[in-house]
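Trainee: missing the sequence, but the structure's below:
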């Protein structure tokens, strides 16, 4: 579906773009499940309880999921993802001054990326 195209009418072309974007969103949870080793839709997000290394590893996955959802303009799927990101941000901020310098630099870049989601502005 990532290459879906319907040229039958001008409206169909617009819908085709949405179908391709939504297809990417549907593929993203599969990749996320492989990276996170749990399903965010059926299990409670763990970002609140992760140690620094795990949090820095998993956080970008949640951000990517949220960006895909926002691009599809599907609000209902984003609630759990937003909760995981919110918990992760709180966890990163709580641990920030205890982190080693290289982890703090990585955490800062993740937090900055969260602030620059173009669809949220």
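Mentor: That came through fine. This structure is a prediction, so every number in the text was calculated from the model and none was measured.

Trainee: hey, where'd the helices end up in the chain?
Mentor: 10-36, 52-72, 78-95, 101-115 (DSSP state H).

Trainee: closest to residue 45 out of those?
Mentor: Nearest to residue 45, of all these, is helix 78-95, at 3.4 Å by CB to CB. Bear in mind the C-beta positions are built from the backbone N, C-alpha and C, glycine included.

Trainee: any weak-confidence spans in the protein?
Mentor: Applying pLDDT under 70 to the chain flags residues 1-7, 13, 72-78, 115-121.

Trainee: please redo it, this time with the cut-off set to 80
Mentor: 1-45, 65-82, 113-121 (pLDDT under 80).

Trainee: now the helices of the chain as a markdown table including mean neighbour count?
Mentor: Shown next, in a markdown table, are the helices of the chain (neighbours: other CB atoms under 10 Å):
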| stretch | mean neighbour count |
| --- | --- |
| helix 10-36 | 14 |
| helix 52-72 | 19 |
| helix 78-95 | 18 |
| helix 101-115 | 14 |
